[in-house]
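S.K.: no FASTA, just this:
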């Protein structure tokens, strides 16, 4: 099936599920080191919400289970062996809310949903105010969604129909202008086009425009187009979609291009032989919204669509001054409707109440990534935002 | 679009660009200060005194008989350099003391403050006033708030304001050449107030000379052309807010037009918009002082409001108060003090609007 998108496939020997991709989940293991697992087999579940399952993206042998501080799961690594086989899931016979949710929970598809505010996996019984499907990607060097959704149009359509069925809320499909997606005719379906700058593909932008999060305590859900295709694959074929399309780009990469890879592929294997010599910086995501990979992040994150590798421009000045000086660049990069300077100042001093009033609930780390880059203070506003969101979440 | 790899150099980059934007203004200041000095001496050679400035000018070979570009530059240097050097030394010494006491590295921003402060002074400013104003700018304008980026007034603006208030006879709104004892020349602005356009023509001031900056006034503020070049650089590199700049000019234009329509026969209120823009230090201050990002509003609606307030205040003070014919410094001080209040109101409106929408 990779051939149907016409992209080069790159198979790696190690993949992993990373704990940091699933915020707030307390993992309970359902397997052991050395077990052979089929693709789609349940590996873990959330201890507090046991119906949320996490499945093996690809068949293989559990190579290691690494835990960090306070026994938090860092990663569950699998040595790929496709010959072990695939778990078949029986798609629900009727598209009613409960059977759809049960199917998504058991097959692991539920874990690709994210909430705003906070960016968690939604509670299995929660009701969203809206569901957003992000079917465009405007970041520099990102893979083009259109050929992918076209190649998997049946899967996309089936999944959108199912998503419309899991709640009574409207389902927004956010797409690039002029792109007609193959969709059903559910009355909850709303197609919206976005086109302005690199931020046009961020769910935060769509949510702010269509269903802004106020102080009412509600939440919206969102997921990306490749996760939608994965759900459609489960619905139509009963088996997990064992690939993702990512793009490899940046000025340290010999040939920038899109690749078909396993979900959670080991990044060092993906990059082997692809890079120019010299010191480099590896970013998860694009040069604008991406984030530098930490030392312990050796695998593709859930939902990650890009690896950008830049030649390192080492700075001699060291860290910034900590002082935020307003600039036009900050105003331009700020999410719409948000005053960047007051918000960033509130985040710097950890004033959660003020940050909430200024719109922090609409944001997650990626929305502030360009502001952290453009600000000369050297603060990482993503980290500061998360600290504030954790405080606010505790108050809810 | 900012790239990740610009961040760590951006502080130095902003500083360099701000210095670069002042280069045309500095060149214009040298040429015009020298030109004015030589012109005065050519008209009245008896005025030449044996002070340090004329000694430097003569040492550099400036002659006031048929002055050429070089003579103007040399005479300009003789006025600008001593003031700039003194401002830099004063600022540097204070920075050093403060950095030692706080055990932090010396902040380079004092160079910019010294340069702006110098350009706002008349060429004949007394050296004691330079030391006093610069000390005030660094200590009260910057250090007590915690240093760069934490100020709420532009330090150079504060330094100039304290010199104007403390020594009203010597700097700012008063004759450029008062340092040359005995000469009673006058700044272009005051000329218009007294005698309208006829007085300007009598002093050889026309639209073109006011545009390129061939008029008496504080050293760096006379050339609209040079200020415009610097402004373009700062706008293109997005260091200053175009909204704030446009709002200032808009506010000035609106209020000047209102006064013009009031229909007085003569006096300050008959001055038209283009003369308001060309004479005095409005544009210089609008670009280099009012748009100081640390000392102006930090929300876009706030910037529109603050800019409009600055323009309006400049016109009101210029027309209403003849002791401040230029009016830019007091207007900017008032507007800077208002900035946090404006931001507070803008943010309160934003929060209120946000609180009314729910999901």
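M.R.: Alright, I've got the coordinates. Every value quoted in this text rests on a predicted model; they were computed, and no experiment measured them.
S.K.: how about stretch A:189-201, does it get close to chain B?
M.R.: Yes. Stretch A:189-201 comes into contact with chain B (Cβ under 8 Å from any Cβ of the partner chain), by way of residue A:198. C-beta here means a position set from N, CA and C on the backbone, and glycine is covered the same way.
S.K.: start to end distance for that stretch?
M.R.: 19 Å (Cα to Cα, to the nearest Å).
S.K.: go on, stretch B:41-59?
M.R.: First-to-last residue span, stretch B:41-59, Cα to Cα: 16 Å.
S.K.: cool, and stretch A:300-309?
M.R.: 14 Å.
S.K.: What average pLDDT does it get?
M.R.: The average of the pLDDT scores along stretch A:300-309 is 90.
S.K.: Show me which residues of the helix or strand containing residue A:208 are buried.
M.R.: Under the criterion of DSSP states H and E, residue A:208 resides in helix A:203-210. Going by neighbour count (16 or more other Cβ atoms under 10 Å in any protein chain shown), the buried part of helix A:203-210 is A:203, A:204, A:205, A:206, A:207, A:208, A:210.
S.K.: Would you format the residues you listed as JSON lines with pLDDT and distance to residue A:143 included?
M.R.: Output for the buried residues of helix A:203-210, formatted as JSON lines (pLDDT from 0 to 100; distance: Cβ to Cβ, whole Å):
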{"residue": "A:203", "pLDDT": "90", "distance to residue A:143": "17"}
{"residue": "A:204", "pLDDT": "87", "distance to residue A:143": "20"}
{"residue": "A:205", "pLDDT": "87", "distance to residue A:143": "19"}
{"residue": "A:206", "pLDDT": "90", "distance to residue A:143": "19"}
{"residue": "A:207", "pLDDT": "88", "distance to residue A:143": "22"}
{"residue": "A:208", "pLDDT": "84", "distance to residue A:143": "24"}
{"residue": "A:210", "pLDDT": "87", "distance to residue A:143": "24"}
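S.K.: looking at chain B, which helix or strand does the model trust least?
M.R.: Of the helices and strands making up chain B, the lowest-confidence element is helix B:188-202, at a mean of 78, by mean pLDDT, DSSP states H and E.
S.K.: how far out from the middle of the chain is stretch A:177-188?
M.R.: Stretch A:177-188 sits 22 Å away from the centroid of its parent chain (Cα atoms, centre = their mean, to the nearest Å).
S.K.: Show residues contacting that stretch.
M.R.: With contact meaning Cβ atoms under 8 Å, 6 or more residues apart in numbering or on different chains, stretch A:177-188 is reached by A:135-136, A:146, A:149, A:153-154, A:156-157, A:160-161, A:164-165, A:168-171, A:173, A:175, A:189, A:191, A:193-195.
S.K.: quick one: average pLDDT of it?
M.R.: On average, stretch A:177-188 scores 81.
S.K.: Neighbours of whichever residue of the stretch 1-150 of chain A sits closest to chain B, how many?
M.R.: For the stretch 1-150 of chain A and chain B, the shortest gap (Cβ to the nearest Cβ) falls at residue A:129, measuring 3.9 Å. Neighbour count for residue A:129, taken as other Cβ atoms under 10 Å in any protein chain shown: 18.
S.K.: Let me see the contact set for it.
M.R.: A:169, A:211, A:218, A:219, A:220, B:359.
S.K.: ok, and the most crowded of the residues you listed?
M.R.: Result: residue A:220 is most packed of the contacts of residue A:129 (other Cβ under 10 Å), 26 neighbours.
S.K.: what's the nearest residue to that one if we skip its chain neighbours?
M.R.: Using Cβ to Cβ, 6 or more residues apart in numbering or on different chains and skipping residues adjacent in sequence, the residue nearest residue A:220 is residue A:130, 4.7 Å away.
S.K.: pretty sure the one you found is touching residue A:172, no?
M.R.: Yes. Under the contact definition of Cβ atoms under 8 Å, residue A:130 touches residue A:172, with a separation of 6.0 Å.
S.K.: I'd like the distance between the residue nearest to the spatial centre of chain B and chain A.
M.R.: What sits nearest the mean C-alpha location of chain B, by Cα atoms, centre = their mean, is residue B:285, with 4.1 Å. Noted for residue B:285: a distance of 19 Å to chain A, by Cβ to the nearest Cβ, to the nearest Å.
S.K.: how near is that residue to residue A:304?
M.R.: 50 Å (Cβ to Cβ, to the nearest Å).
S.K.: picking that back up, could you single out the nearest of the buried residues of helix A:203-210 to residue A:338?
M.R.: residue A:208 (8.0 Å; Cβ to Cβ).
S.K.: what sits against the closest one?
M.R.: A:335, A:336, A:337, A:362.
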